[in-house]
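>>> sequence first, predicted model second:
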Amino acid sequence: MSKAHRGKGIRELAAHGRGACPVCKRDNVKVLYEQEVSGEKVKICKTCKAAIKNGKAV
């Protein structure tokens, strides 16, 4: 199983990959997943990535 979004791989990122998700506006969550939202590439949280993948409106 890939571990790109856990532990050692995110230690080099600012704030260890944590911040505010631009889609759901939650604060201090891991924003590690790059996704195209409204025509621009942004980093979003895991929950929003899954919702977009499954066709849910976020």
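Sure, I can see it. Residues are numbered from 1 along each chain as shown.
>>> please enumerate the helices of the chain.
46-53 (DSSP state H).
>>> Provide a list of residue ranges in it with pLDDT below threshold.
1, 57-58 (pLDDT under 70).
>>> contacting residues around stretch 26-45?
Stretch 26-45 is contacted by residues 5, 10, 13, 17-24, 46, 48-49, 52 when judged by CB atoms under 8 Å, 6 or more residues apart in numbering. For glycine as for every other residue, the C-beta is placed from the backbone atoms N, C-alpha and C.
>>> are any of those residues buried, and if so which?
Buried by 16 or more other CB atoms under 10 Å: 10, 17, 19, 21-23, 48-49, 52, out of the contacts of stretch 26-45.
>>> what about residue 14, neighbour count?
If you count neighbours by other CB atoms under 10 Å, residue 14 ends up with 7.
>>> now residue 41
8.
>>> got JSON lines for the buried ones among the contacts of stretch 26-45, with distance to residue 35 too?
Below are the buried ones among the contacts of stretch 26-45 laid out as JSON lines (distance: CB to CB, whole Å):
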{"residue": "10", "distance to residue 35": "17"}
{"residue": "17", "distance to residue 35": "15"}
{"residue": "19", "distance to residue 35": "15"}
{"residue": "21", "distance to residue 35": "11"}
{"residue": "22", "distance to residue 35": "10"}
{"residue": "23", "distance to residue 35": "8"}
{"residue": "48", "distance to residue 35": "8"}
{"residue": "49", "distance to residue 35": "6"}
{"residue": "52", "distance to residue 35": "6"}
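>>> quick revisit: among the contacts of stretch 26-45, name the ones in strands.
Here DSSP state E is the test, and the contacts of stretch 26-45 give 18-19 as lying in strands.
>>> nearest spatial neighbour of residue 22, skipping sequence neighbours?
residue 42 (5.2 Å; CB to CB, 6 or more residues apart in numbering).
>>> and that neighbour, how far is that from residue 35?
7 Å (CB to CB, to the nearest Å).
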